[in-house]
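**Q** dropping a prediction and its sequence here:
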Amino acid sequence: MKVRKAVIPAAGLGTRMLPATKTVPKEMLPMVDKPVIQYIIEEAVASGIEDILIVTNRAKSAMDDYFDYYPELETRLLQAGKEKELIEVRRAADLANIFYVRQKQTKGLGHAIWRAKRFVGDEPFAVLLGDDIMRAEVPVTRQLIAGAEKYGASAVGVQRVSTEAIVKYSSVKISPLEERIYAVSDMNEKPRPEEMFSNYAILGRYVLKSDIFDILENLRPGYGGEIQLTDGLRELCMRDKMIAVDFEGRRYDTGNLNGFLEATIDFALDHKATGPWLRRFIKEKAKQL
């Protein structure tokens, strides 16, 4: 079970980040010196992924342009002797084999994943949500791939959240297999506290077998009147093996303003060009509070 392909759903309207996302895709918002989606693609590449499909909509052509060559800009940089900037500009275009497909109707995450059927074929594939950035010594997607390949199973990335927070996520019913890896037997989307199976929530990373496509194609709309990926995963885990990987790492939800700012500050503090200055700035600001 070799995972070579990844799908990044990035067709959402970005309503949690308006008005900035009225004309700029939320995945293209700059986080320090790179757009959000570049961090996600770098995680996929670091996990051994060779081909990446981004599911977009008609308002997100900026992503296609960003991961392409820009001869006019590159020539200017070369003429100006800005070799460092030139390397960074070309690096984004050379990260991976990147393909695109549009979700022509806003029918939910499950429908967005289904649009990848022809790209994926019969292979297992990774899914990295376009809102979620992960910081980990071992890339989170690689952690899931290792578990999926070991058990010959689909895998979902989970972490424990509070009972108050579980209503925002999918709760999984699990039984232990080994340290940080569990068998999944059921799940539900955005449960009330009395409905949750556990405090382990699915957080933005998956490795799935291609069987999910036939399930999604025949799935009825669920929560919010949309085709919910969780409903498809629930049926998949009842048909075949599925594991939950309690991944090691920090997850940032950059699809909302607080999560975006948290990620920006943390990454800026660790960036050699901004870290020393930002530490001084924060200390001075703290004195004024």
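**A** Here it is on my side, so go on. Numbering: from 1, shown residues only.

**Q** what bits of the stretch 1-150 of the chain have low per-residue confidence?
**A** For the stretch 1-150 of the chain, no stretch has pLDDT under 70.

**Q** and the helices in it?
**A** 36-46, 61-66, 71-79, 83-93, 109-114, 117-120, 140-151 (DSSP state H, counting those that start in this stretch).

**Q** hmm, who's touching the fifth one?
**A** What it means is helix 109-114. 7, 9, 11, 55, 103, 105, 127, 129, 208, 212-213, 216-217, 219, 226-232 (Cβ atoms under 8 Å, 6 or more residues apart in numbering). Every C-beta, even on glycine, is put in place using the N, C-alpha and C of the backbone.

**Q** kindly report the same for the fourth one.
**A** By Cβ under 8 Å, 6+ apart, the residues outside helix 83-93 that reach it are 34, 38, 66, 67, 68, 69, 70, 73, 74, 77, 78.

**Q** turn the residues you listed into CSV, columns for distance to residue 161.
**A** Output for those, formatted as CSV (distance: Cβ to Cβ, whole Å):
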residue, distance to residue 161
34, 28
38, 27
66, 32
67, 33
68, 38
69, 42
70, 41
73, 43
74, 44
77, 44
78, 49
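
**Q** report the buried members of those residues.
**A** Buried members of those, scored by 16 or more other Cβ atoms under 10 Å, are 34, 38, 66, 67, 77.

**Q** got the contact list for the spatially closest residue to residue 185 that is not a sequence neighbour?
**A** With sequence-adjacent residues excluded and distances taken as Cβ to Cβ, 6 or more residues apart in numbering, residue 185 is closest to residue 173, at 5.0 Å. Counting by Cβ under 8 Å, 6+ apart, residue 173 touches 184, 185, 186, 187, 197, 198.

**Q** let's see it at 10 Å
**A** Neighbour list for residue 173: 182-188, 196-198, 200, 234, 237, 244 [criterion: Cβ atoms under 10 Å, 6 or more residues apart in numbering].

**Q** swap in residue 37?
**A** Applying Cβ under 10 Å, 6+ apart to residue 37 gives the contacts 8, 10, 25-29, 31, 54, 60, 63, 66-67, 128, 130-131, 133, 254.

**Q** among these, which are located in strands?
**A** Of the contacts of residue 37, the ones assigned to strands by DSSP state E are 8, 31, 54, 128, 133.

**Q** could you point out the helix or strand that follows the helix or strand hosting residue 232?
**A** Assigned by DSSP states H and E, residue 232 belongs to helix 229-239. Using DSSP H and E, the helix or strand that follows helix 229-239 in sequence is strand 242-246.

**Q** now do the same for that next one: mean pLDDT, whole number.
**A** Average pLDDT, strand 242-246: 97.

**Q** paired strands for it, with orientation please.
**A** Its sheet considered, strand 242-246 pairs with strand 154-160 (parallel), strand 181-189 (antiparallel) by DSSP bridges.

**Q** now the residue nearest to the spatial centre of the chain. Nearest residue, chain neighbours left out?
**A** Most central residue of the chain, judged by C-alpha distance to the mean C-alpha position with Cα atoms, centre = their mean, is residue 129 at 2.6 Å. Excluding the flanking residues, the one nearest residue 129 by Cβ to Cβ, 6+ apart is residue 204, at 4.1 Å.

**Q** just the pLDDT at that neighbour, thanks.
**A** Taking residue 204 on its own, its pLDDT is 92.

**Q** next structured bit after the helix or strand hosting it?
**A** Residue 204 is part of strand 200-208 when elements are defined by DSSP H and E. Remark: after strand 200-208, the chain's next helix or strand is helix 212-217, criterion DSSP H and E.

**Q** buried sites along that following helix?
**A** 212, 213, 215, 216.

**Q** can you add distance to residue 46 and pLDDT and give those back as CSV?
**A** Formatted as CSV, the buried residues of helix 212-217 follow (distance: Cβ to Cβ, whole Å; pLDDT from 0 to 100):
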residue, distance to residue 46, pLDDT
212, 24, 95
213, 26, 95
215, 29, 94
216, 28, 93
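
**Q** farthest-apart pair in those residues, please.
**A** Across the buried residues of helix 212-217, the longest distance by Cβ to Cβ is 7.1 Å; it joins 213 and 215.

**Q** closest one of the buried ones among the contacts of helix 83-93 to residue 151?
**A** residue 38 (31.0 Å).

**Q** what about residue 94, how many neighbours?
**A** Counted with other Cβ atoms under 10 Å, residues neighbouring residue 94 total 8.
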